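1. sequence first, then the predicted structure, then my questions.
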Amino acid sequence: MNETVAAQVLQKYGLDFRAIHSPQKGYRNTGYPVTLPDGRLINLIFYKRELNIVQRIRDANRISNFLATYDLPTRQTFGKIICLKTPTSETYGVPYTYLPGQTIPWEAYTMRHLKLLGMTMSHMHAVLQQAPAVHHSIADECSALYDRMRRYLYDNGVIKALHSKLGLEIHQSMFDHFNTVLLVGQKLPSQQVLHMDFVRGNVLFSGEADTLKISGILDFEKTAYGHRVFDIARTLAFLLVDCKFKSEAKVRKYFLRSGYNKHGKVQFSKPLIIFGRQRFDMLEELVDFFLLHDFYKFLRHNPYEFLEQNEHFVRTEFLLLRKGILRKRG
């Protein structure tokens with residue numbers, strides 16, 4: 001994708017422009033900030049081709065537009081998805097309103113950042129109780145993650161490499177346990193639309209000290225239907241790794257108790273479920289699940305020999321060791 005193609009897409013939307021700026025690359029998309037003739041900024045985003053991407057973009061746009069009508073800082077679209085076809089590929093583009101602010105470094109989280117994250121997620125969940133339907137359930141999404149993770153981590157070559165290169169092994173019984181956790185999660189009541197990617201890279205902040213606020217909530221492509229505990233656990237798992245200078249107790253206190261419950265618009269109580277002879281604290285179980293999935297992604301996308309140089313990997317490994325999901329081989 002380049003500025004010439006971006007200009008062609010803007011013309012299809014009937015949008016004149018003064019300048020197209022350097023692209024900003026994300027995991028699933030590339031965005032071009034565009035200055036309009038009146039000086040306003042918009043964001044032209046191109047999405048990578050992948051399975052069901054058109055439906056994901058449609059759901060993401062519908063939910064983002066819906067939240068914006070309730071004064072949450074989300075992008076709004078300028079029109080329908082445009083498909084650009086070449087003999088070898090398809091790319092999908094959409095222009096959006098531009099959101100100010102910036103993401104913050106992982107070592108820069110303060111108490112106020114964490115409280116704002118919790119409060120904003122609570123506000124968002126309150127509104128999403130009334131949101132239009134989406135096409136993916138979080139139970140199905142997590143089951144797919146589970147299947148991919150299990151196949152990889154059960155591979156004999158992977159098991160040997162974990163032993164020899166990282167001195168680690170995984171309690172294989174955890175996979176049966178997590179399978180049960182996800183079955184229980186399917187049946188939780190009070191389900192609604194969720195964001196499922198409310199993490200550092202998708203949250204923009206602006207202002208300082210008393211004027212600090214969340215100015216942007218981005219990237220709803222993982223939006224799905226399910227219980228709020230999945231959304232909260234996904235974010236909490238990231239925060240436990242990202243918040244370099246905050247203890248786990250303080251992260252939970254500022255994000256969940258003070259931010260989400262005290263200052264938010266809806267309250268959250270941990271679902272405690274009895275299933276057969278087992279008792280599940282669903283928040284803690286799902287935090288563990290997402291941490292293990294992050295560990296799996298590190299293994300999939302990085303040479304094992306260099307993982308110990310990655311501070312995010314080291315912190316994820318530390319949490320999983322402490323929880324007994326990983327163990328060191330002697």
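-> Okay, I see it.
2. C-alpha from now on. contacts and neighbour counts both.
-> Fine.
3. got the residue ranges for the strands in the stretch 101-250 of the chain?
-> 168-170, 192-194, 203-206, 213-217, 224-226 (DSSP state E, counting those that start in this stretch).
4. give me every residue that touches the spatially most central residue of the chain.
-> Nearest to the mean C-alpha position of the chain, counting by CA atoms, centre = their mean, stands Asp197 at 1.7 Å. By CA atoms under 8 Å, 6 or more residues apart in numbering, the contact list for Asp197 reads 219-220, 222-223, 231, 234-235.
5. what of Ser258?
-> 115, 118.
6. kindly report the same for His125.
-> 193-194, 228, 266.
7. so which of these is the most crowded?
-> Counting neighbours by other CA atoms under 10 Å, the top entry in the contacts of His125 is Leu194, with 29 neighbours.
8. that one touches Ala233, doesn't it?
-> No. Leu194 is beyond contact range of Ala233, at 11.7 Å (criterion: CA atoms under 8 Å).
9. by residue count, what's the longest helix in this protein?
-> In the chain, ranked by residue count with DSSP state H as the criterion, the top helix is helix 282-301.
10. let me see the mean pLDDT of whichever helix or strand comes after it.
-> The helix or strand immediately downstream of helix 282-301 is helix 311-322, counting by DSSP states H and E. Mean per-residue pLDDT for helix 311-322: 96.
11. output the contacting helices and strands for helix 311-322.
-> helix 228-242, helix 282-301, strand 326-328 (3 or more CA pairs under 8 Å, 6 or more residues apart in numbering; DSSP states H and E).
12. present those as a markdown table; the columns should include distance to Arg40.
-> Listed next are the helices and strands packed on helix 311-322 as a markdown table, based on distance: least, CA to CA, whole Å:
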| stretch | distance to Arg40 |
| --- | --- |
| helix 228-242 | 32 |
| helix 282-301 | 38 |
| strand 326-328 | 51 |
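13. for Ala60, find the nearest of the ones you listed.
-> When the helices and strands packed on helix 311-322 are compared by CA to CA, helix 228-242 sits nearest Ala60, at 15.3 Å.
14. going by contacts, tell me the helices and strands next to the closest one.
-> strand 192-194, helix 248-252, helix 282-301, helix 311-322.
15. cutoff 7 Å now
-> helix 282-301, helix 311-322 (3 or more CA pairs under 7 Å, 6 or more residues apart in numbering; DSSP states H and E).
16. please compute how far the first one lies from its chain's middle.
-> Using CA atoms, centre = their mean, to the nearest Å, the distance from the centre of helix 282-301 to the centre of the chain it belongs to is 13 Å.
17. got a list of contacts for that helix?
-> The contact list for helix 282-301 (CA atoms under 7 Å, 6 or more residues apart in numbering) reads 149, 178, 229-230, 233-234, 236-237, 270-272, 313, 316.
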